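**Student:** Okay, predicted coordinates and the sequence, questions at the end:
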Amino acid sequence: MIFIVYILFSESKNKFYVGFTSNLDERLVRHNQKSKGFTGNVNDWQIVYTEHYPTKELAHKRELRIKSWKSRIKIQELINNKE
């Protein structure tokens with residue numbers, strides 16, 4: 001099984017969301033359903049970045065590292081450098 005660290009972007013919120021999953025398609029559908037939580041009140045989340053990891057632990061560690069930056073600029077640089 002492969003685990004995916006992903007970054008989503010919402011145009012209407014003008015915000016990024018960082019997470020990880022083993023099923024990105026299913027996870028994106030859940031993010032775009034109206035529900036509670038950070039991503040729940042809009043439904044225009046789009047995948048703008050992904051990284052693949054062989055274990056859940058490595059993916060979670062990377063997710064936490066990206067979240068710890070608390071910097072929109074660093075996240076945008078990561079996305080731009082991948083392209």
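**Tutor:** Good, I have the coordinates.
**Student:** wait, residue 62 sits on residue 53?
**Tutor:** Yes - Residue 62 lies in contact with residue 53 (CB atoms under 8 Å); the separation is 6.6 Å. Just so you know, the C-beta spots here come from the backbone N, C-alpha and C atoms, and that holds for glycine as well.
**Student:** which neighbours do the two share?
**Tutor:** Residues touching both residue 62 and residue 53 (CB atoms under 8 Å, 6 or more residues apart in numbering) are 5, 20.
**Student:** ok, residue 21 to residue 33 distance?
**Tutor:** Computed as CB to CB, to the nearest Å, the residue 21 to residue 33 distance reads 15 Å.
**Student:** Now the longest helix seen in the chain: buried residues?
**Tutor:** Across the chain, the longest stretch assigned as helix under DSSP state H is helix 56-69. Residues 59, 62, 63, 66 are the ones in helix 56-69 that count as buried (16 or more other CB atoms under 10 Å).
**Student:** Between the residues you listed, which sits nearest residue 7?
**Tutor:** Checking those against residue 7 by CB to CB gives residue 66 as the nearest, at 7.4 Å.
**Student:** who are the neighbours in contact with the closest residue to that closest one other than its chain neighbours?
**Tutor:** Distances taken as CB to CB, 6 or more residues apart in numbering place residue 18 nearest to residue 66, at 4.9 Å, with adjacent residues excluded. Counting by CB under 8 Å, 6+ apart, residue 18 makes contact with 5, 6, 7, 8, 63, 66, 67, 75.
**Student:** So for the host helix or strand of the first one, what gets flagged as buried?
**Tutor:** The reference is to residue 5. Per DSSP states H and E: residue 5 is located in strand 3-10. Of all the residues in strand 3-10, those buried under the rule 16+ other CB under 10 Å are 3, 4, 5, 6, 7, 8, 9, 10.
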